[in-house]
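J.: I'll drop the sequence and a predicted model, then ask my questions.
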Amino acid sequence: MTHLPKGLIVSCQAPINSPLDDPYIIAAMAEAAVNNGAVSVRINTPNHIKAVRAKVQVPIIGLWKQVITGSHVYITPQFHHAVAVAEAGADIIAIDATTRNRPGDEKLLDIINNIHQQLGKPVMADVDTYEAAKLAVETGVDIVGTTLFGYTSETKSFAPPGWELLTQIIENLNIFVICEGGISSPEMAKKALELGSDAVVVGTAITGIDLLVRAYNHNIANFYKQSKI
């Protein structure tokens with residue numbers, strides 16, 4: 001199976017209503033990231049993965065976000081989504097490994113086993129809590145990421161990055177650990193590594209043009225609004 005190097009992983013994604021949500025542009029982002037030292041990229045949707053695979057040789061962490069009625073699980077929620085991600089060229093399959101109810105009849109263990117046995121790919125477990133991380137490791141995942149900390153009902157009162165969660169996983173579980181979520185500066189990425197993370201995923205702070213411009217514009221608009229008072 002694919003070996004994931006330690007270092008910086010860049011998440012190259014865009015909102016579905018953004019002009020950046022185009023395979024050519026996502027592939028260009030990924031290529032720029034790799035040219036400047038990223039050891040891996042994290043890519044959403046089979047079409048984008050296929051475009052990125054044609055441009056980079058580093059491991060691709062692939063996923064497919066799907067909204068399915070009756071479940072809050074949306075990161076590669078079912079095995080057939082993992083199949084599409086693998087066939088598009090992903091080296092590692094990222095899945096939601098929280099303890100939330102999954103769509104359909106598939107259990108987390110079944111999805112992990114099928115990805116290993118039928119696709120021959122490592123599995124990255126995107127988790128929100130230590131309990132979810134522990135369960136994921138017990139069910140055989142290869143990598144654990146703090147991706148969903150702050151984005152589930154159980155953790156919505158907290159803001160990423162999940163330093164405490166990261167530390168718990170590192171100290172108690174023998175697994176390759178990725179700090180993902182809320183890393184907004186090189187200093188924060190360094191802190192994650194100092195805490196013992198094997199790799200760091202950075203997304204919005206590098207490739208999130210839509211969200212970054214919106215944030216800047218929000219503060220600027222507030223400044224002008226307050227200055228008129």
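T.: That came in fine, so what should we check first? Residues are numbered from 1 along each chain as shown.
J.: separation between the residue nearest the centre of the chain and A27?
T.: Closest to where the C-alpha atoms of the chain average out (CA atoms, centre = their mean) is T147, at 5.5 Å. T147 sits 22 Å away from A27, going by CB to CB, to the nearest Å. Using the backbone N, CA and C atoms, a C-beta is placed for each residue, glycine as well.
J.: which stretches of this structure form strands?
T.: With DSSP state E, the ranges of strands along the chain come out as 7-11, 40-44, 60-63, 92-96, 123-126, 143-145, 176-180, 199-202.
J.: closest one to S227 among those strands?
T.: strand 199-202 (33.6 Å; CB to CB).
J.: tell me which strands and helices that closest one is in contact with?
T.: strand 7-11, strand 176-180, helix 186-194 (3 or more CB pairs under 8 Å, 6 or more residues apart in numbering; DSSP states H and E).
J.: which of these is buried the deepest?
T.: Ranked by mean neighbour count, these are led by strand 176-180 with a mean of 26 (mean count of other CB atoms under 10 Å).
J.: what ranges of the protein fall below the confidence cut-off?
T.: 1-2, 229 (pLDDT under 70).
J.: The same query, at a cut-off of 80, please.
T.: Within the chain, the stretches with pLDDT under 80 are 1-2, 228-229.
J.: report the longest helix in it, please.
T.: In the chain, with assignment by DSSP state H, the single longest helix is helix 209-227.
J.: List the buried residues of that helix.
T.: D210 (16 or more other CB atoms under 10 Å).
J.: which helices and strands does it pack with?
T.: helix 204-207.
J.: Just the C-alphas of the helix it packs on, formatted as CSV.
T.: The C-alpha coordinates for helix 204-207 follow below in CSV (Å, rounded to 0.1, in the frame of the first residue of the first chain):
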residue,chain,number,x,y,z
THR,A,204,-8.5,27.3,3.4
ALA,A,205,-5.4,29.2,4.5
ILE,A,206,-3.7,28.2,1.2
THR,A,207,-6.3,27.4,-1.4
